[in-house]
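Student: structure, please.
(one chain, ligands or ions: 1)
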Amino acid sequence: MLVFSGNKILVKNGTYDLEGKYISGLEVINRSEDLPQNWQALTSWADLKDSSALPEGSELVGLRDLWHLSGDEAFTRASGALQFASWFRNVRICSRCGGKLTPHNHDYGRECESCGAVYYAPISPAVITAVEREGRLLLAHNTAWTEDRYSVIAGFVEPGERLEEAVRREIREEVGISVKGIKYFGSQTWPFPNSLMLGFTAEYEAGEIQPDGNEISRAGFFTPEEIRGMNIPDKASIARKLIDSFLSVN
Ligand SMILES: [Zn+2]
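Tutor: Numbering: from 1, shown residues only. Reported below is the predicted structural model:
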């Protein structure tokens, strides 16, 4: 059972409890083990009761730390458990009528006992794209990041939009160029708080780079040598996997 305190995970003596063993002496609430049987196929979770002291030798770590401790599979499972846990914490009643929500016993939904509205844990798809131009990779600096940080272009998919359209729109909006040859790369759950990152590669088509000045303040096509000396995202992220994939063949 993964034990959360907010968005942090309890880790004891350098390991966490992904396999259902219980860390003794803890006071927990919101246990997934109390949900209907079908929910038990998920990685189980509980929230640490605020007043519960941490057991000796334990600490609370973020999901990125968990990735560094144990890699993609643990990150993915913990991400799912954390997103369900957050949903149960934050959505407690029906937003239409205020009625009580009851977990389904056939899927991972919850249903209002009064009006029948059905809810599922939210997932927000976002596209993230590595754009290449003649052996150089497009990287941009987001104004929300530390000064020298660069990454590939990312943004949320809008309602009614195909993924390829979202890729083209985000790149056009943020740096003013058009792309072609969009190919799927892979995906990653990104629970900050509930994104699903869908990775793509693309080729430069036309236009001059013009950062939007709002979200993106600087952008350019960089050589592999330049990129190796830059402040780029952590290895836990699909952004880094896209950059590393470019570097591996250039
Ligand atoms: Zn309702």
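
Student: spell out, range by range, the strands that occur in this protein.
Tutor: For the chain, the strands defined by DSSP state E occupy 2-5, 8-12, 28-29, 45-48, 58-61, 101-103, 109-112, 118-120, 124-133, 136-142, 153-156, 178-190, 195-206, 216-222.

Student: pipe these into JSON lines and attach mean pLDDT and mean neighbour count per row.
Tutor: The way it works is simple: take the backbone N, C-alpha and C, and place the C-beta from them, glycine included. Below are the strands of the chain laid out as JSON lines (pLDDT from 0 to 100; neighbours: other Cβ atoms under 10 Å):
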{"stretch": "strand 2-5", "mean pLDDT": "92", "mean neighbour count": "22"}
{"stretch": "strand 8-12", "mean pLDDT": "87", "mean neighbour count": "21"}
{"stretch": "strand 28-29", "mean pLDDT": "90", "mean neighbour count": "16"}
{"stretch": "strand 45-48", "mean pLDDT": "93", "mean neighbour count": "22"}
{"stretch": "strand 58-61", "mean pLDDT": "87", "mean neighbour count": "16"}
{"stretch": "strand 101-103", "mean pLDDT": "98", "mean neighbour count": "16"}
{"stretch": "strand 109-112", "mean pLDDT": "98", "mean neighbour count": "18"}
{"stretch": "strand 118-120", "mean pLDDT": "98", "mean neighbour count": "13"}
{"stretch": "strand 124-133", "mean pLDDT": "98", "mean neighbour count": "20"}
{"stretch": "strand 136-142", "mean pLDDT": "97", "mean neighbour count": "22"}
{"stretch": "strand 153-156", "mean pLDDT": "96", "mean neighbour count": "20"}
{"stretch": "strand 178-190", "mean pLDDT": "97", "mean neighbour count": "16"}
{"stretch": "strand 195-206", "mean pLDDT": "98", "mean neighbour count": "18"}
{"stretch": "strand 216-222", "mean pLDDT": "97", "mean neighbour count": "17"}
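
Student: of these, which is nearest N231?
Tutor: Between N231 and those, the shortest gap by Cβ to Cβ is with strand 136-142, which sits at 9.5 Å.

Student: tilt between the closest one and strand 124-133?
Tutor: Here the directions of strand 136-142 and strand 124-133 differ by 130 degrees (axes from the mean of the first three to the mean of the last three Cα atoms, to 10 degrees).

Student: with only the CA atoms kept, save strand 136-142 in PDB.
Tutor: The C-alpha trace of strand 136-142 is given here as PDB (Å, rounded to 0.1, in the frame of the first residue of the first chain):
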ATOM      1  CA  ARG A 136      19.200  20.600 -34.700                       C
ATOM      2  CA  LEU A 137      16.500  20.300 -32.100                       C
ATOM      3  CA  LEU A 138      14.000  23.000 -31.200                       C
ATOM      4  CA  LEU A 139      14.200  23.900 -27.500                       C
ATOM      5  CA  ALA A 140      12.400  26.800 -25.700                       C
ATOM      6  CA  HIS A 141      12.600  28.600 -22.400                       C
ATOM      7  CA  ASN A 142       9.400  28.900 -20.500                       C
END
